[in-house]
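In: using only what follows, build the 3D model:
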Amino acid sequence: QVQLVESGGGLVQAGGSLRLSCAASGRTFSSYAMGWFRQAPGKEREFVATISWSGGSTYYADYVKGRFTISRDNAKVTAYLQMNSLKPEDTAVYFCAAAKSSSPYARRYDYWGQGTQVTVSS
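Out: Residues are numbered from 1 along each chain as shown. Predicted coordinates:
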């Protein structure tokens, strides 16, 4: 069982930066791949980024590539999403999730956090 708690969301102007954190409970964190997803009002949840259990492999959605960076610190049982050059279209609730292996598909993830709101003003 893994419990996930996101933090770091907030209101930022376009072009600004935020770093989201996903704190995990449980000693099995390092055996899970982690992913970030987001959901804007009236839209389906969409993939943002994923990182392997070791941190050695990452994969990004095209619309965040070059602006967002996913990372993890297994010693701190925490995953991160550094978001730079934010755009108003990045406004959404951001969720972290844990899976047995990296995947862009939400259905592959076993555990989810409650989400943190990110709002980017123009």
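In: so where does the closest residue to Met34 other than its chain neighbours fall, helix or strand?
Out: Here the nearest residue to Met34 in space, its sequence neighbours aside, is Ala79; by Cβ to Cβ, 6 or more residues apart in numbering that works out to 4.2 Å. No exception for glycine: its C-beta is placed from N, CA and C like everyone else's. Element membership of Ala79, judged by DSSP states H and E, is strand 78-83.
In: now the helix or strand just after that strand against strand 78-83, angle please.
Out: Sequence order places strand 92-99 as the next helix or strand after strand 78-83, per DSSP H and E. Here the directions of strand 92-99 and strand 78-83 differ by 140 degrees (axes from the mean of the first three to the mean of the last three Cα atoms, to 10 degrees).
In: which stretches in this protein count as strands?
Out: Secondary structure of the chain (DSSP state E): strands located at 4-7, 10-13, 18-24, 33-39, 46-51, 58-60, 68-73, 78-83, 92-99, 109-112, 116-121.
In: now those strands as a markdown table including mean neighbour count?
Out: Formatted as a markdown table, the strands of the chain follow (neighbours: other Cβ atoms under 10 Å):
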| stretch | mean neighbour count |
| --- | --- |
| strand 4-7 | 18 |
| strand 10-13 | 13 |
| strand 18-24 | 20 |
| strand 33-39 | 24 |
| strand 46-51 | 22 |
| strand 58-60 | 16 |
| strand 68-73 | 18 |
| strand 78-83 | 23 |
| strand 92-99 | 23 |
| strand 109-112 | 17 |
| strand 116-121 | 17 |
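In: could those be laid out in a markdown table, adding mean pLDDT?
Out: Formatted as a markdown table, the strands of the chain follow (pLDDT from 0 to 100):
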| stretch | mean pLDDT |
| --- | --- |
| strand 4-7 | 98 |
| strand 10-13 | 98 |
| strand 18-24 | 97 |
| strand 33-39 | 98 |
| strand 46-51 | 98 |
| strand 58-60 | 98 |
| strand 68-73 | 97 |
| strand 78-83 | 98 |
| strand 92-99 | 98 |
| strand 109-112 | 96 |
| strand 116-121 | 98 |
